[in-house]
Every structure is written in C-alpha cells, then in structure tokens.
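Visitor: Generate coordinates for the sequence data below:
(4 chains)
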Protein chains: 4
Amino acid sequence: MFEFGEDKLKDECGVFGIYAPDQEVARLTYYGLYALQHRGQESAGIAVSDGRSISVHKGMGLVSEVFSDRVVDRLKGKMAIGHVRYSTTGSSLLANAQPLVVHYQKGMMALAHNGNLTNALELREELGKNGAVFQTTVDSEVIINLITRYRRDSLENALVKTMMDLRGAYALVILAEDKLFGLRDAHGVRPLCVGRIGDRYCLASESCALDTIGAEFIRDVEPGEIVVIDEEGLHSRQALSKTARSSCAFEYIYFARPDSSIDQLNVSASRRQMGIELARECPIEADVVIAVPDSGTASALGYATALGIPFGEGLIKNRYVGRTFIQPTQAMREVGVRLKLNANVSVLKDKRVVMIDDSIVRGTTSCKLVDMVKKAGAKEVHFLISSPPVAYPCYYGIDTAEREKLIANQLDIEGIRKFIGADSLHYISEEGLLRALGTEAVCLACFNGKYPIPVSNLDRGKNDFEIQKC
Amino acid sequence: MFEFGEDKLKDECGVFGIYAPDQEVARLTYYGLYALQHRGQESAGIAVSDGRSISVHKGMGLVSEVFSDRVVDRLKGKMAIGHVRYSTTGSSLLANAQPLVVHYQKGMMALAHNGNLTNALELREELGKNGAVFQTTVDSEVIINLITRYRRDSLENALVKTMMDLRGAYALVILAEDKLFGLRDAHGVRPLCVGRIGDRYCLASESCALDTIGAEFIRDVEPGEIVVIDEEGLHSRQALSKTARSSCAFEYIYFARPDSSIDQLNVSASRRQMGIELARECPIEADVVIAVPDSGTASALGYATALGIPFGEGLIKNRYVGRTFIQPTQAMREVGVRLKLNANVSVLKDKRVVMIDDSIVRGTTSCKLVDMVKKAGAKEVHFLISSPPVAYPCYYGIDTAEREKLIANQLDIEGIRKFIGADSLHYISEEGLLRALGTEAVCLACFNGKYPIPVSNLDRGKNDFEIQKC
Amino acid sequence: MFEFGEDKLKDECGVFGIYAPDQEVARLTYYGLYALQHRGQESAGIAVSDGRSISVHKGMGLVSEVFSDRVVDRLKGKMAIGHVRYSTTGSSLLANAQPLVVHYQKGMMALAHNGNLTNALELREELGKNGAVFQTTVDSEVIINLITRYRRDSLENALVKTMMDLRGAYALVILAEDKLFGLRDAHGVRPLCVGRIGDRYCLASESCALDTIGAEFIRDVEPGEIVVIDEEGLHSRQALSKTARSSCAFEYIYFARPDSSIDQLNVSASRRQMGIELARECPIEADVVIAVPDSGTASALGYATALGIPFGEGLIKNRYVGRTFIQPTQAMREVGVRLKLNANVSVLKDKRVVMIDDSIVRGTTSCKLVDMVKKAGAKEVHFLISSPPVAYPCYYGIDTAEREKLIANQLDIEGIRKFIGADSLHYISEEGLLRALGTEAVCLACFNGKYPIPVSNLDRGKNDFEIQKC
Amino acid sequence: MFEFGEDKLKDECGVFGIYAPDQEVARLTYYGLYALQHRGQESAGIAVSDGRSISVHKGMGLVSEVFSDRVVDRLKGKMAIGHVRYSTTGSSLLANAQPLVVHYQKGMMALAHNGNLTNALELREELGKNGAVFQTTVDSEVIINLITRYRRDSLENALVKTMMDLRGAYALVILAEDKLFGLRDAHGVRPLCVGRIGDRYCLASESCALDTIGAEFIRDVEPGEIVVIDEEGLHSRQALSKTARSSCAFEYIYFARPDSSIDQLNVSASRRQMGIELARECPIEADVVIAVPDSGTASALGYATALGIPFGEGLIKNRYVGRTFIQPTQAMREVGVRLKLNANVSVLKDKRVVMIDDSIVRGTTSCKLVDMVKKAGAKEVHFLISSPPVAYPCYYGIDTAEREKLIANQLDIEGIRKFIGADSLHYISEEGLLRALGTEAVCLACFNGKYPIPVSNLDRGKNDFEIQKC
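Guide: As a prediction, the model looks like this:
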C-alpha cells in the first residue's frame, strides 16, 4: 500500500470542545470533528463528562468510520471534547489516540492536544524521577501528569502552573470537574477559537467547525490565555504574560480550510491575496493559469484575476482517492500521481501555462506534475509557489520531512527548477507573504529557521523512544 | 445513517477491459476502475481470463476497499474486465455485483454492463420458457443467456444476434474464448472508448481511465459496433445498422469526469461552454460568480469569464465527506448540508451573487444552499442551472428519482424559484445546451420526454421483482 | 495458517427445512443449523419463502458468525431451508455457498444439497448444449436446471423426472411454490429425516436438529422418496423404485452427532457396540483404556466395560481450538498436535494403554499421538480402530484424501503399525462393524471399494473445473 | 445475544512468560496462551522485550483471533509475557486488556496479572495523593505504580516492597530490565509454575501450557516467592515470610485443565478422586452414571468405577457452540440449553440415572438439565455435585455472582433439590473434598466464608468506579 500526500506537509491535529448540558454534546462534537477532518485522518476520539464521570470512545480512521449512531448515543453527558489526529506512516497506534482520559485523586480528567512541546523529554524525565509512569508517547500524558501534580492547588491554578512549565506549541481542550477549559500557548502558534451556540459555548481549532454545528464565532483564544466554560458561561484568565503572537503561517497557506478564519484572517481571502502578491512579484505572459487542486486554487484565482489571464481546470482531481491503494509496480510508475490528478488536455494543449501550488516539500510530486502538464501539450510551464521555500523542520506540531529531505534545504531555486523541469520557478517572498497576510505576527520558522520558541531537543533521534508530535 | 447526494442524479456504472498477455492485466484494470470510481461506488469487481479459465473477485464498496495487493496478485491472466456499480439505497446486493462469470458449453465467459435494457423483462420471460434460471436481477444475466443460446453459431455471430434482440442502452465488455469484446448499443447512449497501451488495446467507459494507466486514446466505439481485441490486435464489426447517435447529455453535464472526452467532446470544455451560453441567455449584473462544487465549477468559470465578473470560492466543500455519516437530529437539521458544504463569508458578504449548479432534481439541497448563501450575507442570489429542467425519468441506466419527485415535473420555473428561495432562477435552454455541445446527436429525454429508444415496461412497479438498472 | 483435522475425513454438509407459517421459520432454521454445525463449518445459509418470493442470506463461517439477530429478523416467511457446508482448503467460495436461489419461469425456487452426484459432468454438458449457463461449480445448480427444464410438467412430476436423471448420493431440501420438499437418493446414502413441531413438519440431516428445536422425530425419508410438506401436512411419493438401502457407514463411525439416530440406529449406541465388537475381536491385557477424543470415546467406553478395564481421560482436548491458528515453525513441530490434544501423565504413566480412535486416514496424527502417549510414560500402546482400514475414496459426498494419500492404500496393517509406532494395531473387521450396526444395509465402499452407485467420472482431475463435492 | 455459561463461575485470567533469547519468544507465548485459553476468552495480549524496549499487541477475543502470523512475527525480542482475560458482560474494554506496558524513569516495564487485590482502592487513593494518574481500572496499574515509586531502590527490592504493600491474590509475570519475574501472593491462591525449555526458563498459570510448548515442568512458584529469570538462569527470593498455602479449590474442581498439575496435584486425578469420595458419601443404586460435560466427566468416571455402575454419554455437547448466538424467543425457551447440550435417549430411557456436575451457582441450568434428562425417559435423576455448596462470593479473582444470586446462599439443600427438580441431590462434603485433594492447604472461602486474606472493601458497590477483577 502506498499513501498519497507523501510530498505534502502532514496535517497536525484538530480539537473541539463544548459545554451544553441541554444538548447532545457528543453528537455536536462528532459534527465539529467532521468539519475538522482535514486536520487529521489517523484517529478520532470523543470524551464526554457528566461532571463526575467521563466516558470515551476512540478508534483508528476517519470520524465517520470510528463513530456509529449507537456509539454516539451511548456517550451521554453535559460537556464533551474531541480530537482528530494526523496520519503518519510509522507509529500510528490506537494507544496514542486522544482524548486521553485519566482517573486521579480528584476524579477524572480528559485532555486533547494540538501542537508539540519542545521540552517534553525534560518534563518526562523529571516526572519519572518522582515515580510517574507513562503508557503512551504523546505529550498529552506529560501535560496531564503535570496538572495532577499541581492539583493540591485549585484546578485553575494547577493549569496556570502547568502552562508555566510547558514549552512549545499547544492548543488544549480539557474536561475536568464540571468545567471545560481551552488553553493556548504563549505564542499562539496553533489556532483555537470560541463559539456560542444558543447561550452555551464551544471551542474549536478552526471556525469552520463552528459554522458546521450552527454556532456563532465569538473570538480567538489569546496567546497564553485560559478560557473557562461552565454553568456560569465564559470566563478568561491570562495565564502567561503576553508575548508577540506567532500564528503558524502554514495554516493560511495550506492546512486550514478556506472557509475558516484564524486570528481574524480569512484563509481563503489570504490565499487569494498570496496570488495577487505573486502576480506583483512575478507577472508572467501566459495563456492560462491553473492550480494544483485543491490548495492552490484560491492563489491561482487571485493571480489570474490580477493579471487578466484566464483560469482553467488544467489538473483534474479524482474525488474518490482513498487513503491507501495498491502500489503501482515499477513499470507503472507514472500511474502513481495520475490516480490522484490527471491533466486536462483541452485546457493545456499548445498553451503557455502558469501552474500554482501552495508549497514544495520534497519536489517529487511537482516533478511529475510538470511532466504531466507538458505531455498534455503545454508549450511552457511556469511554476509559482504561494509560500517561500520550506527549508527548516517544524517543531511546533507539523510533520515536515527530515531536514535533509526538504528539497529547499539541498538545492537553490535554480536547482529546484531544473529538478522539477519547469520553464521557470518562482516562490513568493517572505515580504510578499507578510503583505498578503497583512500582519507580521506569524511564525515563519520553516522558511527562515527563526524559531520563536526555543527548541532544545533538536537531535530527537537519540531519545529512548520517539515522541509523537501532535 | 444518511447518504449524501440524494438530491443528485445517481451515477450509473463504469466498465473497463484490457487485453495484454505481457502485462499485469488485473492491476491495470484496478487503476482503470480507480479512475472510473465516480461512476459507481456501491461495488467493484475484476474478472481475469487466461483464455480458458476465468477468475473473479467482487465486493461491496470502493475499488480501494474491495481489492488488496494480495487479491490483485492472485488474479493472473492475459486479459481482464472490471466494473464499478453505483450506489442505491435499496437493493445493493453482492449477488448483483459485476462482472458476471458463467460456465457454459464452450467454456467460461465474463461480462460487465453499463446501461439499462428496456426489454429485459420480455427477454427474461422468453428465456424462462426455455428453461433458463436466473440467480440475479441484473440485465447482464439476460444478455449472457442470450449469447450462450446463440452460441451454436460462432461467438461473434452470437454477439450480433444478441445485439439484435437487445433494446435499450448498453456499453458492454466481455471476456470469452481468448478474446476481449466491446459492444455499444445502436444509439450509443452510454459511452465506451478504445485505447492503446504499447501494442495492446483496452476499453473504458471514459478516456480518463486510459490516461490514468498511460494508454493512448484511439477512438470511441461506434453505436451498434462490436470491437474485438485479441492476439491479432483490434478488429471491428458493425453489428447493427447505423442510426442517429444519442449520447447521454448528462454525461457532459454532470456524470463524466471533466478530463474525459466522450464522442469527441471534452467534458470540461463543454461545461465551460454551457457557462458561456448561460451568460448569453441570462447576463446578470452581479459582484461575484460562485459554483456549487465540484460539478458546477467549469460552467461558473465560463460564465464569469464571459461577463467579466470575478469568480470566487463561495461554497467550500469538506473534502473528507464519506459515504455515510450519523444523521443529525431534527434540532440539528441545518447541520446536514453544512457537513458537505459551507458558505465562505469573505466571498459572499454584501455581494450580489450568481450561483451556478449543474442541475436540480428534487430541489431540497438547492433550497438549503440558497439559504446558506443568504445567511452568509449575500444581498442577492441568482441561481443558474447548466441543464434544462429534469422533468422525465431516464430508462437508459441513470437512477433519476420517480417522476413525481422531480421538482420540474411538479412546478413551473417560477414555482421552483419560490421553492428554493432564489432572487432569480434560470435554466439553460435546450438550444443553448445543444449550442454548447456543438452537436444535436445527444439524448435529451430527461428534459423533453422524447425517448430515442422505445420503452415498453414503463410501469415497472408491477413487475415480480425490481429490475436493477446499470 | 494451519488447519486442524487434516488427518480426518472431512465433514460433508447438513441440510434443514421447515414449513410453519405460524412460527419464526428463519430462527428455527438457525437453531437447526446450529445443531448440524459439525457437518460443515465453511459456510452457512438460510432461504425463506412466503410462497411466492424467496429471500436468502449466506456467508462464510459458522452459523453464529454468518447470522445476527437483525439478519434473522429480516428473513420473514412461512417456510425455510438452510445449509451448512464443510471446510476445504482450496476453493471455499461464497459463490458456492447454499441454498441456491433462482428465478425461473414459474417464480422462485431454493435448494440445498448434501451429497455428491456421480454424473454431474454429463448432466452439465447436456444442459450446456441446450444453452444453460452455470455460475457456480456445485451440483445443486445442475439439479435446479434439470427441475426447471422439466417444469412444463407439474412440479412434483418435474422432481420425479429429475431424480430419474440424477446418479449419486443426495439428500435435498427444496422450497418452491408454497411447498417444502425433501428428496433422498435411491440408495439412501446421505441421511434425511422428518420431524413434527406442533402440527407442522420439518426436515433435517440428523435427528439432533429436531431435538434442538423441540420437534419430535417422525421417521427417516425413504431411499428414492419425495416428501412434500405444505398447508395440507405431510405427503409422500416414492419417486424411484426401492433398491437396497446403503446408508453411509461413516455417519455412524465418525460424522454424525452421538445423540442422533439415522435410519433407526442411534449413533452413540452404535459406537459403543463397535467397542464391544473390538473387545471380542481383540481383547488386550491392559491397565487403562483411553480414547482419542471426542469421536473415539463411545467405542472406548464400550471396549473398557466389555473387558472390565478402567477407562481414563488419557488425552485432554483443548476446548478452545479454533479453526485456524498460527503454524508452528519447523523447530516447534511437536507443538502442532499438542495445541489440540495433550497427554495426561497421571492416567498414562507406567501403564499398558489401549487407545481407541474411529479411523486412520493418512496416519500422520496417529503417529504423533502414539509418541505423545509413550512420552507420557505409557509402557505399551495398543491402538484399536473402530472402522476397517479406509483404502478407497468416497464419491458420495465425503472428502477423503486422494487415494494415494490414504495410508491403508499404501501399507498393510503391520506397515501401518510400524509407521505409527504402536505396540499393536487392530482395526475392526467388516463383519464386526456390520454386527455392531446390526444391519448390512450400509455403504462400505471406502473400506472395500464396492461402490453401490456407479462412478463414471473417476478421473476427475481432467475436468475443466473442479466439481465441488457436497 | 445471549452468552453461555452464565450459570458457571467465570474463569479468571491466565499468564505466561518466557526468557529465551535464542528462540521465537512471541510465538511460544502465543502457544502458551493457546493452552491457557480456558482461563479467559475476553482479550489476549503479548508483550515482548529486547531488554530495553518493549513492544505489545493486545486485542479483544480469542488468542487465535487477536494474533496473526504477521503480528507475531513483528514481536521480536528475547523475552515475553502474555495474558488472557476472562469474559464479563459489562466492562470488557480494550483499555483493560493486559499486559500493561509503561515507560518510567528506568526504561520500560510490562506486567500481567491473574488474581484480585483486596486493598486496590486504598492503594489507588494513596498513590493519587502523590499525583499518580490512572488510565485503566485494573489492579495491574496500581501494582506497576507501586513498583516504579519504589524503584529508587534496586528493582528486586522494589518488587519485595511492593509485595509487602499488596493484599489479595495475585500471580504476576513482569518484564523489566533484561529480566523476567514471576511473583505469587503470600497464600498462593492463584497458580503459577516454572518450566524449562532447553536451558531456558518459562512461567505459566498451569502446567498444560508447559506441555504444549514442549517445556519440562520444574516446580510451582512458592507462596510469597519472587522468581527471577535472566541470562544467568533461574534465581529465587522469598519476599514474604511463608504462611499457610491456600490454593484455590475451584482450580481443581472446575477452572484448570484436567491435564494440568497445580501445587503438586493433578487436576484430572483430583476430580476422579472427588467422584470416588462422592461414591463413599452417597452410593446410589442406579443403572447409569452420566456427567454434565466436560467438567463433570472425571468425577462421574470415578463415581461409576467405584460403584461398578456403567458410565454413559447421557448428555451430548455441541462442539461448535460459539461464545454468542441469537437468543431464542420466549416461545422457544427450551432451545437455549439444547443448543449446548442434548439428552441421548438411548442412554437414558427407562434408566435410574446418577448425573454428576462440578458445581451449582444459580441453579438455572441444572434445572433445565434435570428436566431434559427426565423428558428423555429417565425413571429417576439423582444429582451429585463434586463441590460443596457455593454460598459466598470470591474476592480473589473469580467472578462469582453477587451473593444474593447464589442459590446456596438462599436455599437449603432440600430447597435446591426442589428447585432443580431432581429425585435426590447430594453435594460432596468439605471433608470429602479435602480427602479427595489430599491436602488442607486450600482456600474454601466460597463454601464456608472463611477468607484467608482480609477483605476490606466488601461493599464494592459504593466505589466511584468498578474495580476490574482479574
């Protein structure tokens, strides 16, 4: 079996939470996760609390595969959290699925996490010295152990103390003691927002999940903030002093759904703007603009409109591509990418083509796409990328390839152009990207190596066991 | 469980065949079916022949679900045919999956069918009188019984005689006696084309399947033609005298993949042209043109370009919508369509919107989409349809709703407009559609009730058992 | 994976039928098949008729695996038939599962078969000449084609004519036109009996199935008889003239459940009597008599009682042995048989042991058992077999090994004794077996090669496709 | 669905461990668990260690269902432990399956447990006060938390300290730091024995698992002993001072496999001896002795031989009874027990019958069996039980019914006799049982309420969450 998307950055995770004693919280969480499915397809889970006891159901696969009507019906309670996890090749284990649920001295607690701690190993070691045992390799278990150890204090204080110990990127939803909590790291790298449904509140990684369940978007959770949702409504506590926000730029470029807004920026509009910036930076005389669907479409429309070149559906996506399929033999190598995308000759033949994609990771797919477009009769293929070159790994919850496998880490732009066989290649500049986003409060570490949060365990290969990022 | 797409015409079936003793025919058929998956998601099957003995594997579900590497590896032979079947609510039975494989006096035979016979019951009855027994309710079993009864003659002659008995729409691929056959009904309603891979030949419902396996498109099978593929290459026999071709118009409007060409017309270009005709027939002063994705996109792009109005991604599709999901409760009614599509406020707010879809069947989804777009802030919603009103059922292999449930059969256009709540509603005219296609050789029966092939068993409800259409 | 029991004759099939409009016929058939599960573990199926239309559910596996409450509830009707099929390594296909259900000129028909035709190929060929097609490789399809071809006549006459054409062994249950039929071949090789439940009737391969559903045993179906069950009650027609009955001796020796009675002989009592005959033919001075569980137990108890030697549980069976398990590596060879049976040292140590089994097929397991008993400390192991040597294949529905693999076909008794390593080996004589059964009306063909029904297609290896026996 | 055996004490768990760097330890563990399958059918698991890292695979179902060849092949290492868990109706969760594997300060550890702690709640609370979190409800997690907290000391010392804290019954196998450990509680309630395979050692709940993998029985682990197995061979440490051994009497009566020996007593021989004691206590003038198969067989053979009455197979067991099946409707009530057992008329008709079973829990099945035997024509039915009346719940790892549902807790013997409808009823006396076993070092708490280990949390119903016993 062969998995698609190996030449894309891997999605991270998605979280959802709701406090609504008068509603079917598990069912609403199910729909919330359904809307966040693009953030993780490996596993899904929902935990429901009645204020004392917590039930949970988790499984490998898509939300629609893991949950049946019967299962959702059995999850009764007044509040719930849910999680979808991204798909990695290696260590996809049910044991690592979330939410994580524990019994501790004061009762039960459930937690779901999107992000990645950069000091998880140090924290594990310290907890281990005090006798803690770990049954998974996910950061969530570290966080939950910290919280319970601080719990002699009030729960809210325990959360603040825990946040003071955590380093890295995290958006957390937590069920404990009749309350639902939403926590976001000091730099706000991973997204988390608050919605209102009737007179109740909910939390979600992206606003599209609020739309789906019919909730109204209220606001983003602030960097370093703890949001508390309970019978009284919505309360807030600024746990960590405010630092410069560093929202992940890739959420806008590729990860998030176009209809979501994150930290007050609409994703689809941002992408269109990236296309307009690309047009400014690199206006090409062409006959048609095409996108690598679906993530390149908005940028391509922006570019085409800005320059008055027609936009065409030059690459057609197979809408039934599953997560796995039978691997082509060596002789059928070309079949691989064609199962997912096919060139549309009627759009491409004898044309000078501008093709727009959101990013290049290893370059292996780009290479095949350029070839496919040329074989379909394109006279020229100009490849434009709506992100700067990805040259550095992410330590904040994105599964980039190893540094050596990032093509932009190995080759300069002309080298990449030759590798993929395009007539020209242009990446948007960092400045262009920032202009398109209209803000500088974003993390660009994977482009320029400037990590806003210190990363101590860079050589993670030496660790006893692999830490699961999410 | 609730199934999406209930307000769309149901896809029919897809067939594929290949003769290539020197290649892995089962694997190539797998990829061919993968490309044709949009034509049927209920079941999939592949039959492989070594010239004497035929092996088959069939199952419920998508191609990627039914076949594993091990299963495909076990299917060894020099030629193969494959089939994907559409999804109906009721009688989806493994017994009805295709290809159908039989032992008969001269050996074995396998057959896969896309289409629907209009005299199947008469033929069944006649065969029954001669002692024939039937184990399925699919037309293929009738066809195969006819062929074997005519088989005292040569196989090719038996096929000709069989075609002379069949009435209705069919594209057939058949494995028998060291040969692969492709048959198309006298009107060419359902598509079938020939490709070449190396010096071998293959058959497919749509040309996108040829592209996917790296085969070159050669030509469409002609109405009434039998194509014979074997060790000698490609031969042809015109079994039925040529009549006016009546390719199904809905293949261009909705069913076929945009990158396919059918009877020399590219699907994506045709759709774009429909948008241009719509612009001619009904130019609206608007701020943005949006599509109901994905089938309305090409027409919307054509419309937008023709009138110089910006095209925007106003409705965002959830790319992970599975075939089934948990049904929302009554209180969550709105969730239903939002799981699949969400309005993109940044594109719609305060805008005069033209929304383009390929067709309206019952109108229930259209109604929700207009409402969703309005709630997202659109000032006006003008709904344009790139097909004429669907007012008559199809008897040639498409699962239209019962006549009474077709909204255009019950209401006039103003009535439909009111029902769906749009500010204006415009369907392309039949003339406009023909202009867009550039040919009159198409079947428009579902629009105007003029059935090119006689339909005798109109009141099918009275039959002993329901005939499966495919 | 490795399958147990490879050194035993393979079970055949079991059939069940019931006519009871006022009861849940599918559920009762389920329980009937449950009781007949020992006759076939490969597949199970139930067909239910309301007099016009027939529904069917079939699947691979045990009755309890194939049917759920929901499935059984959906099978509504006034009469039903069911089938369990034995497990072979090779061609276990769902397509070959029974009952077979067909549509034909007069409506629908369902049929389930236990046995094997010896002229199936001839009949197939003849039917094929008249245009018949076959979708399976089971005899049932041949039979059903014969019936429908004779159907211009009355159904009952068609059945009589069909029986006149069939050669071989068969016990058939058939649902057609408001009636349930039970048919048994002219020699009565395979068992079939009639029971009464309330004022309704049912049919079963063995009487244990009647006991299980609370039905009263009425009588065996006679050789060559057709039993008709309908609204009027029970009718009979002697279709074929009576010949000497030849009930399969192996039903008593090994296949049937001990609590069943077949043709007026109780199976458990017969086995005990075989032990008593063995005691007469071969009284051994021993300290303990043990059985190879479970089929050797009754004979061993008979032997032990007859000679006044204690019976002991010398071999303990693992009650949780599944149908498949992970194959031991070469180094763990001994594990194989020990997973199923283990020697009980406390019974065997320092003892002179008589070990009784029902038969030896290839001898490979016997060999390991003798070794295991010796390693457990037995001073002597005398091996007694309650059947004569199996030296000829069965063509009447039993899956014996190929002739060359039957140890008794290759070696004389002293040769077998040496091969299995016993201190002495004794088989019951044919006369002793007949004395134990108290009748000569049994088929002993697998012991002496005297086939009561002619077998024409002996060299079945040359056929186009393998005929499935059942 | 309805589960069999509801009128039997529930099996507990089974454990297995092996240290053998030169062998396929996972495969051998698989076969060991296969032999212990009767001790638990709910879940199965195997953990393998290479001395540093531990891999684990667990699943719901039988060993043969949970493990495939591929899974076992992936579990590579030099030592392994395995676990099978019993089947309860309620809280069978994968999360509760064992072995439990944790990461802690010194590396990884795996543990599998058979038994039940009586101070688990106290220990949990204490650990919780120090910040421990629990993800399951099984005792194993408490034990592993104790060990890791004591781990500042040497591992062996940590185990000794842990055993000093534990109260209740336990047989434990543990993988940690290049060693395999076997621990048994101070009273030796649950069994654990040591075997040698080549020059390596292994541990198992019962000796039948040693036989199966070809290992030689060495000795039982002593009460309060820690056995350490590593590269150096076998070492021992007496962790707790020796107290009177109290092996569970029910292991001999019902749970253990007949071919096992526990604490130097062969199970099958013990059961036969119980029959002889019953003959002494209650000699009945009868025509035949029958057993309730399979657990009553050995006692019945002992009784029959002692009194010179023939033993007959009066009740025949369906060898294909699965774990679940479709529940009979009210009208088919009698079907229930007949699916599992059927009366053999030829043995019972017109006979005075002695029927022997190992125990009566609720009496509901006994009642039906007596009725079935009478309906089969028995003149008299005398019911003899090879255990004293079960009147008290077990807190040491056996799932007895709640106290009120034990029939012997509610009725005297004459009352029970009337309830089950036997002509006479006799239980073996405690003295008779002890005579049969030849030792007084057994736990009889479920018969006489004298609990050898204090039970503090008697009213377990009040706990926050149900403690899983195993």
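
Visitor: For stretch A:289-309, output the C-alpha coordinates as CSV.
Guide: Extracted C-alpha coordinates of stretch A:289-309, given in CSV (Å, rounded to 0.1, in the frame of the first residue of the first chain):
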residue,chain,number,x,y,z
VAL,A,289,-3.4,29.9,-15.1
ILE,A,290,-4.0,26.5,-13.5
ALA,A,291,-3.9,25.4,-9.9
VAL,A,292,-2.7,22.2,-8.3
PRO,A,293,-6.0,21.4,-6.7
ASP,A,294,-7.3,22.0,-4.1
SER,A,295,-5.0,24.0,-2.0
GLY,A,296,-3.5,26.1,-4.9
THR,A,297,-6.9,27.1,-6.3
ALA,A,298,-7.5,30.3,-4.4
SER,A,299,-4.0,31.7,-5.1
ALA,A,300,-4.3,30.8,-8.8
LEU,A,301,-7.7,32.6,-9.0
GLY,A,302,-6.0,35.7,-7.4
TYR,A,303,-3.1,35.5,-9.8
ALA,A,304,-5.3,35.0,-12.8
THR,A,305,-7.6,37.9,-11.9
ALA,A,306,-4.8,40.2,-11.1
LEU,A,307,-3.2,39.7,-14.5
GLY,A,308,-6.4,39.2,-16.5
ILE,A,309,-5.3,35.7,-17.7
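
Visitor: Just give the number of residues close to the residue of the stretch 101-250 of chain A found nearest chain C.
Guide: As assessed by CB to the nearest CB, chain C sits closest to A:Q135 within the stretch 101-250 of chain A, at 27.1 Å. For glycine as for every other residue, the C-beta is placed from the backbone atoms N, C-alpha and C. Neighbour count of A:Q135, defined by other CB atoms under 10 Å in any protein chain shown: 21.

Visitor: for A:R85, same thing?
Guide: A:R85: 28 surrounding residues under other CB under 10 Å.

Visitor: So the residue of the stretch 101-250 of chain A closest to chain C is in contact with D:Q135, correct?
Guide: Yes: in this structure, A:Q135 is within contact of D:Q135 by CB atoms under 8 Å, at 5.7 Å.

Visitor: mind checking the longest helix of chain A?
Guide: Taking DSSP state H as the criterion, chain A has its longest helix at helix A:267-281.

Visitor: So the closest residue to A:D185 other than its chain neighbours, which state does it fall into?
Guide: Take A:D185 and drop its neighbours on the chain: the residue closest to it by CB to CB, 6 or more residues apart in numbering or on different chains is A:Y170, 4.8 Å away. Recorded secondary structure, A:Y170: strand (DSSP: H, G, I helix; E, B strand; the rest coil).

Visitor: Likewise for the one 4 residues further on?
Guide: What three-state DSSP gives for A:I174 is strand.

Visitor: For it, which non-adjacent residue is closest in space?
Guide: Once flanking residues are discounted, A:I174 sits nearest to A:F181: 4.2 Å by CB to CB, 6+ apart.

Visitor: do the same with A:V142
Guide: The shortest distance from A:V142 to any residue other than its chain neighbours is 5.0 Å, reached at A:L123 (CB to CB, 6+ apart).

Visitor: wait, is that neighbour part of a helix?
Guide: Yes: using three-state DSSP, the assignment for A:L123 is a helix.

Visitor: Tell me how many other residues surround it.
Guide: 20.

Visitor: for A:Q37, what are its contacts?
Guide: A:14, A:62-63, A:84, B:318, B:320 (CB atoms under 8 Å, 6 or more residues apart in numbering or on different chains).

Visitor: Run through the residues that contact the residue in chain A sticking out farthest from the centre.
Guide: No residue in chain A sits farther from the centre than A:D350, which is 38.3 Å out by CA atoms, centre = their mean. Each residue near A:D350 by CB under 8 Å, 6+ apart is listed here: A:377-379.

Visitor: rewinding a little: didn't the residue nearest to A:V142 look like it was pressed against A:I144?
Guide: No: the criterion here is CB under 8 Å, and A:L123 misses it with A:I144 at 11.4 Å.

Visitor: and for these two, which residues touch both?
Guide: Counting by CB under 8 Å, 6+ apart, nothing touches both A:L123 and A:I144.

Visitor: Tell me, how many residues neighbour A:V138?
Guide: Other residues within reach of A:V138, judged by other CB under 10 Å, total 26.

Visitor: Check the gap between it and chain D for me.
Guide: Relative to chain D, A:V138 is positioned 11 Å away (CB to the nearest CB, to the nearest Å).

Visitor: Kindly state the beta-bridge partners for that residue.
Guide: Going by DSSP bridges, A:V138 is paired in beta bridges with A:Q468.

Visitor: Produce a PyMOL select command limited to the buried residues of the contacts of A:D350.
Guide: The buried subset of these, as determined by 16 or more other CB atoms under 10 Å in any protein chain shown, is captured in PyMOL by this line:
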select buried, chain A and resi 378
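
Visitor: now, among the contacts of A:D350, which is nearest to chain B?
Guide: Nearest to chain B among the contacts of A:D350 is A:G377, at 12.6 Å by CB to the nearest CB.
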